[in-house]
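S.K.: pasted the sequence and its predicted model underneath.
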Amino acid sequence: FQRPFMGGLERHGVIASGDQAAIRDRVRELLRDAPERFILAADCTVPGDVSWDALRVAIDTAHAWHK
C-alpha cells in the first residue's frame, strides 16, 4: 500500500456525542493502534452540529500524542 491511512473516528460516534474525556480516550486508543503513517479523521466529514470544542479536543490530543 505504501500510502498514509486516514480515518479512525466515526463521524456519528464519540466526536459527535461524547464528552471531552471520551473523545480524548478514543483518540488515544486509535493512535496507540494506528500504523506509523496515519492521518486521524472522522470519515470524510463530521455533522454540522458537532461543536468546535469537540473537534479541538480531538486535534489537541492528536498533536500531543507520542508513541
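M.R.: All right, it came through fine.
S.K.: contacts only, for the closest residue to residue 14 other than its chain neighbours.
M.R.: Spatially, and ignoring its direct neighbours in sequence, residue 14 is nearest to residue 26 (4.6 Å; C-beta to C-beta, 6 or more residues apart in numbering). Yep, even glycine has a C-beta here, placed from its N, CA and C like the rest. Residues in contact with residue 26 (C-beta atoms under 8 Å, 6 or more residues apart in numbering) are 9, 13-15, 18.
S.K.: what helix or strand is residue 26 on?
M.R.: Secondary structure assignment for residue 26, by DSSP states H and E: helix 20-33.
S.K.: what comes up buried for that helix?
M.R.: For helix 20-33, the neighbour count (16 or more other C-beta atoms under 10 Å) marks 23-24, 26-27, 30-31 as buried.
S.K.: and residue 15, how far from residue 47?
M.R.: Distance of residue 15 to residue 47, computed by C-beta to C-beta, to the nearest Å: 9 Å.
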